[in-house]
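[1] with the sequence up front, the predicted model follows.
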Amino acid sequence: MTANAMARHGARPWRMTAADYTAALGKGGSTPLAGPPAASPWDPGLALAMEASGSTVMEERLLPALLSDLTRA
């Protein structure tokens, strides 16, 4: 979905890196992936990290970081 939005609309991923994913995993409450992770051409390490952990991270888990980014912008 993200790669499609990037290609079609020039979108830029925000808080969607392997480092963001790994930090969110450390907060617990993740669920198993339903299949293989999608490719992440903006950060190939993201798909690799997802494959290695086998877990999802819901966007809501990143809400504090996203809000912090907005207040600093």
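    Received it, and whenever you're ready, just let me know what you need.
[2] which residues are in contact with Leu46?
    By Cβ atoms under 8 Å, 6 or more residues apart in numbering, Leu46 lies in contact with 16-18, 21, 37, 40. Placement of C-beta: from N, CA and C, glycine included.
[3] give me the most central residue, this protein.
    Met16 (3.6 Å; Cα atoms, centre = their mean).
[4] quick one, what contacts the spatially closest residue to it that is not a sequence neighbour?
    Counting by Cβ to Cβ, 6 or more residues apart in numbering, Met16 lies nearest to Thr2, which is 6.3 Å off, once chain neighbours are set aside. By Cβ under 8 Å, 6+ apart, the residues touching Thr2 are 11, 13, 16, 38, 40, 42.
[5] and the gap between Thr2 and Thr71?
    Distance from Thr2 to Thr71, counting by Cβ to Cβ, to the nearest Å: 24 Å.
[6] can you tell me the SS state at the residue nearest to the centre of the chain?
    Assigned with DSSP: H, G, I helix; E, B strand; the rest coil, Met16 falls in the coil class.
[7] tell me how far it lies from Asp43.
    The gap separating Met16 from Asp43 is 7 Å, by Cβ to Cβ.
[8] gap between the one helix or strand in the chain whose mean pLDDT sits lowest and the chain center?
    None of the helices or strands of the chain scores lower by mean pLDDT, DSSP states H and E than helix 2-9, at a mean of 81. Offset of helix 2-9 from its chain centre (Cα atoms, centre = their mean, to the nearest Å): 15 Å.
[9] next SSE downstream of it?
    Using DSSP states H and E, the helix or strand that follows helix 2-9 towards the C-terminus is helix 18-25.
[10] need the residues that contact that following helix.
    Contacts for helix 18-25 (Cβ under 8 Å, 6+ apart): 30, 43, 45-46, 48-50, 53, 55, 57, 61-62, 65.
[11] for the buried ones among these, write the corresponding ChimeraX selection.
    Burial among these is assessed by 16 or more other Cβ atoms under 10 Å; the matching ChimeraX selection reads:
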select :30,43,46,49,50,53,57,61,62
